[in-house]
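**Student:** Could you look at this predicted model? Sequence included:
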Amino acid sequence: MKAVIQRVSSASVDVEGERIGEIGRGLMVLLGAGEGDTRKDLDYVLEKTINLRIFPDEDGKMNLSLLDIKGELLVVSQFTLYGDTRKGRRPSFVKAMHPDQAKALYEEFIQKARAREIRVQTGKFGAMMDVELVNEGPVTLLVDSQN
């Protein structure tokens, strides 16, 4: 499982011109599931995401986690994280998990985050979405359960 994590002061997602998710300070998470990913991968990515110490403390050092600051999550499904661009000009997505299985892991990720009492907003799985964010820092990290 892969996640692109961006520290944001705000983020939102629209589908067909309608705002369906919006957060203030927290993390924008683009989440992708690959063939063979399991709940173990999901748990790894979730725990890494919410516990990464990437928010500034009172001295301006990245020392606080999403949990520490009581931040919010905007989670958007992103199968293109598994795009392979090594050959040709069109990415191959054969390593992306089948949509039915990926949707189940995506929804479980959201449920587990909410169970940790985190305010979570989401995109719409499989939809064409317009995502806006203000990347604070900028801080952008890649978490990959296979690396």
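**Tutor:** Nice, thanks for sending it over. Numbering: from 1, shown residues only.
**Student:** Specify the beta-bridge partners of the closest residue to Gly71 other than its chain neighbours.
**Tutor:** Once flanking residues are discounted, Gly71 sits nearest to Gly26: 3.4 Å by Cβ to Cβ, 6 or more residues apart in numbering. From N, CA and C alone the C-beta is placed, and that goes for glycine too. In this entry, Gly26 is beta-bridged to Val8, Glu72, by DSSP bridges.
**Student:** got it, and Asp144?
**Tutor:** Going by DSSP bridges, Asp144 forms beta bridges with Lys2.
**Student:** which residues does it contact?
**Tutor:** Met1, Lys2, Ala3 (Cβ atoms under 8 Å, 6 or more residues apart in numbering).
**Student:** how close does the last one get to Lys40?
**Tutor:** Just to be clear, that refers to Ala3. 15 Å (Cβ to Cβ, to the nearest Å).
**Student:** just Arg19 next, same as before
**Tutor:** In terms of Cβ to Cβ, Arg19 sits 34 Å off from Lys40.
**Student:** Now tabulate the contacts of Asp144 in CSV and tack on pLDDT, neighbour count and distance to Asp144.
**Tutor:** Output for these, formatted as CSV (pLDDT from 0 to 100; neighbours: other Cβ atoms under 10 Å; distance: Cβ to Cβ, whole Å):
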residue, pLDDT, neighbour count, distance to Asp144
Met1, 98, 28, 8
Lys2, 98, 22, 5
Ala3, 98, 23, 8
